[in-house]
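Asks: What follows is a predicted structure for the sequence shown.
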Amino acid sequence: MAATPEKPAAATPRRKVSRHRGEGQWAVGHFTPLNANEQAKKDDDGLNVRTRIETIYSKAGFDSIDPADLRGRMRWWGLYTQRKPGIDGGKTAILEPEELDDRYFMLRVRIDGGRLTTEQLRVIGQISHEFGRDTADITDRQNIQLHWIRIEDVPEIWRRLEDVGLSTTEACGDTPRVILGSPVAGVAANEIIDGTPAIDEINARFIGTKEFSNLPRKFKTAISGSPLLDVAHEINDIAFVGVEHPEHGPGFDLWVGGGLSTNPKIGQRLGAWVPLDEVADVWAGVIGIFRDYGYRRLRTRARLKFLLADWGAEKFRRILEDEYLKRALVDGPAPERPVEEWRDHVGVHRQKDGRLYVGFAPRVGRVDGPTLKKIADLAEEHGSGRVRTTVEQKMIVLDVAEDRVDSLVAGLESLDLRVKPSPFRRGTMACTGIEFCKLAIVETKARGASLIDELEARIPDFDQPITINVNGCPNACARIQVADIGLKGQLMLDGDGNQVEGYQVHLGGALGLDPSFGRKVRGLKVTAAELPDYVERVLTRFRKERESDERFATWAARASEEALS
């Protein structure tokens, strides 16, 4: 019988090979836009929208605005559409942008270094009163935000701001945002170095220019020579932190790659010491790396922290030196640990010239137009006309003579602006929340304010530093991951099965002393109605269990889940 031929072996299936389009990095030749945001920026630089606002949109009204400008390029000039009233948090992620958009705008006034004159503050207050229904929020990035702004009024608002040296240029968008600075730069008695000249140089050379107006996403900067580490340098894309070099004297330690949101990272030291007159050049080198090597394919990875995580600090410094600065940086020391727990400058403090500065706390950063104008009046009457905003949603009046302090404090207290606030008033921050923000899921400002009142009534003798940060969504604008008690807004079911506003709880986050992200206890969520009870309960346990001089963050790291629940 003839042999049966062997069955041929089955062919190995061919694997479909798809060409990786890369991360959209310009420096490696990927210039083709890989998403709608990048396409919009390629079509027209965001800075160019100002002309259309002034010549078309402000004259023809809201309906004339091109959608690509409305939800994109207008941010380059500090304008976001605000949330339409009456839309609950459950619809935030469901509705189309045009369904969430109100016909009014949030306008962010850029205040680099938190520096204001009383004339500037009075102008902002008048704009708030005349055009913004008296809204005004001091942000944790030293800006002031207004709401209810009509497109028809924007050119006049710009004119008034620019007449006194303010602007909204690149206050939002994929740009170099406001530069944080120590609010007591140049006056603090313990200052290592004044970073103000570097802030001014960066502004003069780069802000509002096309050189850095198309970044992968936003770029956040902090510059401070204060030993209090008072600008949250650990969570900025770039930070210059005052240090004393043993050979070269005062300068700055360079940090890069910090940021929060849904993938938080603490910035890393590059081990480099930068003298004051080289800060602007080094800043341009780092932001140049972000522009050229930053990831543009996915918006979720389009921040400097992701590039740094992939490269590491050593490679990042090498690229900075070899390709951008064309020289080596000087090695330098790390900043020392701050000796004070609070770094918000609230209270009465001595300046290096013998006068005093007075820091005060509004409720969760919320003020209004008339209040801003009254603050300006008080600062002129009792100081030299210089006012500052802080990264903790607080304000400061500079240059107060000793015999004028009591009168100033009395005037501020009459406006419900506390110079000696409770730890709860002093330590509670809140983002914009569902009242105006299209990304928010829950209320924040009013809830933060009511929480302060509840805690002051329930635990009036609580005297430990505590930070309570309330955020309306996962994006961490209120820095929830680095608060003692961070509250991330979300919808949840109450005991009766009803969907209600609530918060996921983060505990024991910190900046400055031992930077760390807060601990999340499995399943720990609190409804809005239960929030005062929960915070009172956990703070009472902290006081009972804490060791001598133990901070809340340290206790929370070691406490049992039962104690934190």
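Replies: Yep, that arrived.

Asks: going forward, measure contacts and count neighbours with C-alpha atoms only.
Replies: OK.

Asks: Tell me where the stretch 101-250 of the chain has strands.
Replies: 101-109, 115-117, 136-138, 144-149, 176-181, 219-224, 238-245, 249-256 (DSSP state E, counting those that start in this stretch).

Asks: Is Val254 in contact with Pro275, as I believe?
Replies: Quick fix: residue 254 is Leu, not Val. No - using C-alpha atoms under 8 Å, Leu254 makes no contact with Pro275, being 10.4 Å away.

Asks: of these two, who's got more company?
Replies: Leu254 (27 against 19; other C-alpha atoms under 10 Å).

Asks: ok, that one to Thr55 distance?
Replies: 43 Å (C-alpha to C-alpha, to the nearest Å).

Asks: and what of Phe290?
Replies: From Phe290 to Thr55 the distance is 33 Å (C-alpha to C-alpha).

Asks: what's the answer for Thr221, then?
Replies: For Thr221, the distance to Thr55 - C-alpha to C-alpha - is 33 Å.

Asks: So those two - more neighbours on which side?
Replies: Thr221 (25 against 11).

Asks: so who does that one touch?
Replies: Thr221 makes contacts with Pro176, Arg177, Val178, Ile179, Leu180, Asn236, Asp237, Ile238, Ala239, as judged by C-alpha atoms under 8 Å, 6 or more residues apart in numbering.

Asks: how close does the last one sit to Arg386?
Replies: Ala239 is 25 Å from Arg386, where distance means C-alpha to C-alpha.

Asks: Next: the third one.
Replies: Applying C-alpha to C-alpha, one obtains 19 Å for the distance of Val178 from Arg386.

Asks: higher neighbour count, these two?
Replies: Val178 (27 against 20).

Asks: Surely the more buried one and Arg108 touch.
Replies: No - the criterion here is C-alpha under 8 Å, and Val178 misses it with Arg108 at 10.2 Å.

Asks: which residues are common contacts for the two?
Replies: Counting by C-alpha under 8 Å, 6+ apart, the residues touching both Val178 and Arg108 are Asn143, Ala171.

Asks: check contacts around Asp137.
Replies: Going by C-alpha under 8 Å, 6+ apart, the list of residues near Asp137 reads Ile144, Gln145, Leu146, Gly365, Arg366, Val367, Asp368.

Asks: could I get the residues you listed as TSV with distance to Ala198 and neighbour count?
Replies: Output for these, formatted as TSV (distance: C-alpha to C-alpha, whole Å; neighbours: other C-alpha atoms under 10 Å):
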residue	distance to Ala198	neighbour count
Ile144	22	24
Gln145	25	22
Leu146	28	26
Gly365	27	25
Arg366	30	22
Val367	30	20
Asp368	31	20
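
Asks: And the furthest pair within those residues?
Replies: Leu146 and Gly365 (12.2 Å; C-alpha to C-alpha).

Asks: ok, and the closest non-adjacent residue to Asp377?
Replies: Excluding its sequence neighbours, the residue lying closest to Asp377 (C-alpha to C-alpha, 6 or more residues apart in numbering) is Thr118, at 7.4 Å.

Asks: Tell me who's in contact with that neighbour.
Replies: Ala376, Asp377, Ala379, Glu380, Gly385, Arg386, Val387.
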